[in-house]
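[1] Pasting the sequence and the predicted model now:
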Amino acid sequence: MFFMGTYTPKLDEKGRLFLPAKFRDRLAEGVVVTQGQENCLVVWPEDVFMQEAARAQQTPLTSRGARDYARVLFAGAEQSSPDKQGRIGIPPLLRAYAGITKDVVVIGVMDRIEIWEPTRWTEYSAAAQAKFAELDEDPGQQN
């Protein structure tokens, strides 16, 4: 199952997020929430996070980039399971990192979910869509 679509749930007063109903079955066994790039949060199904962790573990400790990636990926990670109402808690440290308070944008990105602060998502999405509109890969042409 691929995660896809854009949703606009709200965090409750305890910092919990109602997962989109379409995603709940796939995430019922457990999730890992961590820092993502562009100051969003990433919600991984637990099994997919473990695959990502195994890939990170295969990189040499002598690589600064690999060490940096592992530190960011794991230091902010929070493992949990959705409650009976399909909610997951977003810890204060992660909320601060992503700049989220109440309103959020949740997007499906193939094997993971991203949680964005709405203004950041709007800005990022506009720039990414402009690049996408100009994307032109013609295998017959060489530059």
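    That came through fine. Note that the structure is a prediction, hence the values are computed from the model and not measured. Numbers count the residues shown, from 1 in each chain.
[2] Going along the chain, name the helices of the protein.
    Using DSSP state H, the helices found in the chain span residues 21-27, 46-57, 64-75, 92-98, 118-134.
[3] Quickly, which of the ones you listed bottoms out on average pLDDT?
    Of all the helices of the chain, helix 64-75 carries the lowest average pLDDT, namely a mean of 88.
[4] ok, and what's touching stretch 10-17?
    With contact meaning C-beta atoms under 8 Å, 6 or more residues apart in numbering, stretch 10-17 is reached by 9, 18, 83, 87-92, 95, 100-104, 106, 115. Backbone N, C-alpha and C define where each C-beta goes, glycine included.
[5] re the thing from before, need the helices of the chain in a markdown table (columns: distance to M110).
    Below are these laid out as a markdown table (distance: least, C-beta to C-beta, whole Å):
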| stretch | distance to M110 |
| --- | --- |
| helix 21-27 | 12 |
| helix 46-57 | 10 |
| helix 64-75 | 17 |
| helix 92-98 | 20 |
| helix 118-134 | 15 |
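[6] Run a quick neighbour tally on Q129.
    As a burial measure, Q129 scores 10 neighbours (other C-beta atoms under 10 Å).
[7] which residues does it contact?
    Q129 neighbours (C-beta under 8 Å, 6+ apart): none.
[8] which residue packs closest to the residue nearest the centre of the chain, ignoring adjacent ones?
    Taking C-alpha atoms, centre = their mean, the centroid of the chain lies closest to V42, which sits 1.9 Å from it. Spatial nearest neighbour of V42, chain neighbours left out: G36 (3.9 Å); criterion: C-beta to C-beta, 6 or more residues apart in numbering.
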